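Asks: make a model of this:
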Amino acid sequence: MPLRTHSPSTSSGSPTHPSQTLSLLSLKRYSLLWVTIGLFGIVFTLEMLTPAEYVMGYLYISPILFVKPRLNRSSTLLITTIAVFLTLLNIWIPGRETIQPAMVANRLITVVALIVTGLLSDRNLQIQQALAQQQAKLQVQEQLASLREDFTSTLAHDLKTPILGALETLKAFDREQFGEVQPKQKHVLGVTIRSHQTTLQLVETLLDVYRNDIEGLHLCQIPIDLSKLAESATTALFDLATSRRVHLSLNYGESEFRQFLWVNGDAFQLERVFANLLTNAINHSPRGAKVEVILGTQGAQQVVKVMDTGAGIQPDEMPHLFGRFYQGESDRQASGSGLGLYLARQIVEAHDGTIWAENRSPQGAVFGFRIPAITHALNS
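Replies: Residues are numbered from 1 along each chain as shown. Below you'll find the model as predicted:
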């Protein structure tokens, strides 16, 4: 059976035909033309009927302002010129009175007012059009940014599953579940496993960053000791520091004894801050250098500083260090995703804290953060 079709002219939901659109535009233009002629006719009639000392040419401002948003620049220029001509014409027509200097001066002033009105109206329209274009560009950029973020988040989420599968398979090979593994093969498996773990951490960080930006960071806060988190993070990164021949140390400033730095925080998230700051310091320290974690209390805040002896931070990089995906041109930011410091900032700020970076003397950099302290009576 043939499909039934509806004619565009008879369907209620059909689009407007191009000829109909042109007819509507022509009708609007003719309507605008007759309204403008009517306004000019009213003002011109008033000019002809009133004594010469009364200048009605100022009223031509109304049609100029009326047509400006609806016509192009050349049409507005034409209408302004006509208004000026009719205002000056009233000096000689209807000619019932003798031409006086005051009469001419008044109309010249009116002409200046009409010209200025036309120019200002034109400039205002240009500004409005520029603002509208800029707003449209911003909306397009926001839509593209949103689309890009959605795509990146979806891609990262989809990548996580195959990476986990590959990682578990490699670990099974390493445990010799599929047969004996030679020492050289075991070394290669270890390198591959670490590479996959790094990739998985990057994907998880990317997902967390986008989730935090959209939904906010949800914390599970309990009283925790920052000293324990620092010890745990330095232990976890010991192998990385050893491979880079970087010495890790943990101290409490001027005190030689272990201290308790109690805060109300999320242990998992804050340990990520320690890991990101320490990894950043290790990766950008020369071989044989030392990375120090200094813990202390300042007033009502617990303070953590991670200090290295690397190349330091360029002054123009300072405002951007904790920005998303920022990678500077110096050696300090030569590698990495640009997400670690951004995620650290998200976590610290979610704990009502502050994070900062500065250069140290004579060489190196300091990355630190402060979190409000709490009084806790428990001992470790």
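Asks: what segments of the protein are strands?
Replies: 222-225, 247-251, 262-265, 290-298, 301-307, 354-359, 365-372 (DSSP state E).
Asks: for the longest one, name the packing helices and strands.
Replies: It stands for strand 290-298. The contact analysis (3 or more C-beta pairs under 8 Å, 6 or more residues apart in numbering; DSSP states H and E) places strand 290-298 against helix 226-236, strand 247-251, helix 267-283, strand 301-307. Glycine gets a C-beta too; all of them are placed from N, C-alpha and C.
Asks: Leu88 is nearest to which of those?
Replies: helix 267-283 (75.8 Å; C-beta to C-beta).
Asks: what helices and strands are in contact with the closest one?
Replies: strand 222-225, helix 226-236, helix 238-243, strand 290-298, strand 301-307, helix 340-350, strand 365-372.
Asks: for the ones you listed, which has the smallest mean pLDDT value?
Replies: Ranked by mean pLDDT, the helices and strands packed on helix 267-283 bottom out at helix 238-243, with a mean of 87.
Asks: where in the stretch 1-150 of the chain is pLDDT low?
Replies: The model of the stretch 1-150 of the chain has pLDDT under 70 over residues 1-30, 32-33, 51-54, 56-58, 67-73, 90, 95-100, 103, 145-150.
Asks: which stretches of it form helices?
Replies: In the stretch 1-150 of the chain, the helices defined using DSSP state H, counting those that start in this stretch lie at 18-49, 61-67, 73-89, 101-174.
Asks: may I see the ones you listed arranged in JSON lines, with mean neighbour count and distance to Glu215 as well?
Replies: Output for those, formatted as JSON lines (neighbours: other C-beta atoms under 10 Å; distance: least, C-beta to C-beta, whole Å):
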{"stretch": "helix 18-49", "mean neighbour count": "13", "distance to Glu215": "45"}
{"stretch": "helix 61-67", "mean neighbour count": "18", "distance to Glu215": "49"}
{"stretch": "helix 73-89", "mean neighbour count": "17", "distance to Glu215": "49"}
{"stretch": "helix 101-174", "mean neighbour count": "13", "distance to Glu215": "11"}
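Asks: include distance to Asn359 when you put those helices into a markdown table, please.
Replies: Output for the helices of the stretch 1-150 of the chain, formatted as a markdown table (distance: least, C-beta to C-beta, whole Å):
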| stretch | distance to Asn359 |
| --- | --- |
| helix 18-49 | 65 |
| helix 61-67 | 59 |
| helix 73-89 | 55 |
| helix 101-174 | 33 |
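Asks: quick one: closest of the ones you listed to Arg245.
Replies: helix 101-174 (25.6 Å).
Asks: and that closest one, what does it pack onto?
Replies: Partner elements for helix 101-174 (3+ C-beta pairs under 8 Å, 6+ apart): helix 61-67, helix 73-89, helix 183-215.
Asks: how long is stretch 258-274 end to end?
Replies: By C-alpha to C-alpha, to the nearest Å, the extent of stretch 258-274 from end to end equals 18 Å.
Asks: related to what we said a few turns ago, to Ala166, which of the strands of the chain lies closest?
Replies: Using C-beta to C-beta, these put strand 247-251 closest to Ala166, at 30.4 Å.
Asks: wait, which of the helices and strands packed on helix 267-283 is closest to Val209?
Replies: That would be helix 340-350 among the helices and strands packed on helix 267-283, by C-beta to C-beta, at 5.6 Å.
Asks: extract the C-alpha trace of the closest one and format it as CSV.
Replies: The C-alpha coordinates for helix 340-350 follow below in CSV (Å, rounded to 0.1, in the frame of the first residue of the first chain):
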residue,chain,number,x,y,z
GLY,A,340,47.3,16.5,39.9
LEU,A,341,47.7,20.0,41.3
TYR,A,342,44.2,20.9,40.2
LEU,A,343,42.7,18.0,42.0
ALA,A,344,44.7,18.8,45.1
ARG,A,345,43.3,22.3,45.0
GLN,A,346,39.7,21.0,44.7
ILE,A,347,40.2,18.7,47.7
VAL,A,348,41.9,21.3,49.9
GLU,A,349,39.3,24.0,49.2
ALA,A,350,36.6,21.5,49.9
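Asks: report the buried residues of that helix.
Replies: For helix 340-350, the neighbour count (16 or more other C-beta atoms under 10 Å) marks 340-348, 350 as buried.
Asks: could you do stretch 287-296 as well?
Replies: Neighbour count says stretch 287-296 has 289, 291-296 buried, by 16+ other C-beta under 10 Å.
Asks: just give me the closest of these to Gln133.
Replies: Closest to Gln133 out of those is Val291 (50.9 Å), distances taken as C-beta to C-beta.
Asks: quick one, what contacts Ala300?
Replies: 372-373 (C-beta atoms under 8 Å, 6 or more residues apart in numbering).
Asks: ok, now with 6 Å
Replies: Ala373 (C-beta atoms under 6 Å, 6 or more residues apart in numbering).
Asks: cool, and the one 5 residues further on?
Replies: With contacts defined as C-beta under 6 Å, 6+ apart, the neighbours of Lys305 are 294, 366, 368.
Asks: format those as CSV; extra columns: distance to Leu200.
Replies: Converted to CSV, the contacts of Lys305 look like this (distance: C-beta to C-beta, whole Å):
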residue, distance to Leu200
Ile294, 31
Val366, 30
Gly368, 28
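Asks: distance of Pro94 from Leu88?
Replies: 14 Å (C-beta to C-beta, to the nearest Å).
Asks: actually Ile355, sorry about that
Replies: In terms of C-beta to C-beta, Ile355 sits 71 Å off from Leu88.
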